[in-house]
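Enquirer: Structure for this input, please:
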Amino acid sequence: MHAPVRAYVALGSNLGDPVASVRAALADLQGLRATRLVVASPLYRTAPVGLLHQPDFINGVAALDTELAAVGLLAELFAIEARHGRRRNVRNAPRTLDLDLLLYGDVCQDDPTLTLPHPRMHERAFVLRPLVDVAPQVVIPGRGPAAALLAALPAQRVLPL
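Expert: Modelled structure (predicted):
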């Protein structure tokens, strides 16, 4: 354990009851050891990316203060996904729950276990819109201010619930 670090986690779901799944995941994040849920964004209904013929997603972002190391936090996120029935067998496939570690302080890391910042977050309005809601001034290391990145994206369907 070390001094608390601000981390941002994207939440998404498009199977079963996605709103309930994302809300349950937020409750799980609130219960993580050595971690405090600071704020959660409003939820959004968003179009799928990649495999397009699937249900819309419900997405949001949570800000956490955590004493867990980045890889420890990632392991906790994977455990929450597994408890919610997540299977990792097809990329961009429908899922009961998806938790992505977007940012962990200003850490930049790229190894087989973890890439920070999340490698595609700057291209995705369904991530940037709720991230800017919870952290309007946040800067994505190596990319720039999240708000400017969001403004520069082509139109993507991100509708508030």
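Enquirer: Looking at R86 now. What's its pLDDT?
Expert: pLDDT, R86: 63.
Enquirer: Chain neighbours aside, what residue packs nearest to A10?
Expert: D100 (4.3 Å; C-beta to C-beta, 6 or more residues apart in numbering). In short, each C-beta sits where N, CA and C put it, glycine included.
Enquirer: Contacts for the strand or helix carrying A82 next, please.
Expert: Element membership of A82, judged by DSSP states H and E, is helix 70-83. Taking contacts as C-beta atoms under 8 Å, 6 or more residues apart in numbering, the residues outside helix 70-83 that touch it are 5, 7, 9, 25, 28-29, 32-33, 35, 64, 66, 68, 96-101, 104, 107, 109, 113-114, 116.
Enquirer: hmm, 6 Å instead?
Expert: Outside helix 70-83, the residues that touch it by C-beta atoms under 6 Å, 6 or more residues apart in numbering are 25, 28, 32, 66, 97, 99, 101, 104, 113-114.
Enquirer: quick one: terminal-to-terminal distance for stretch 136-148?
Expert: Distance across stretch 136-148, first residue to last, is 10 Å (C-alpha to C-alpha, to the nearest Å).
Enquirer: what mean pLDDT does it have?
Expert: 98.
Enquirer: Give the buried residues for it.
Expert: Neighbour counts using 16 or more other C-beta atoms under 10 Å place 138-140, 146-147 of stretch 136-148 among the buried residues.
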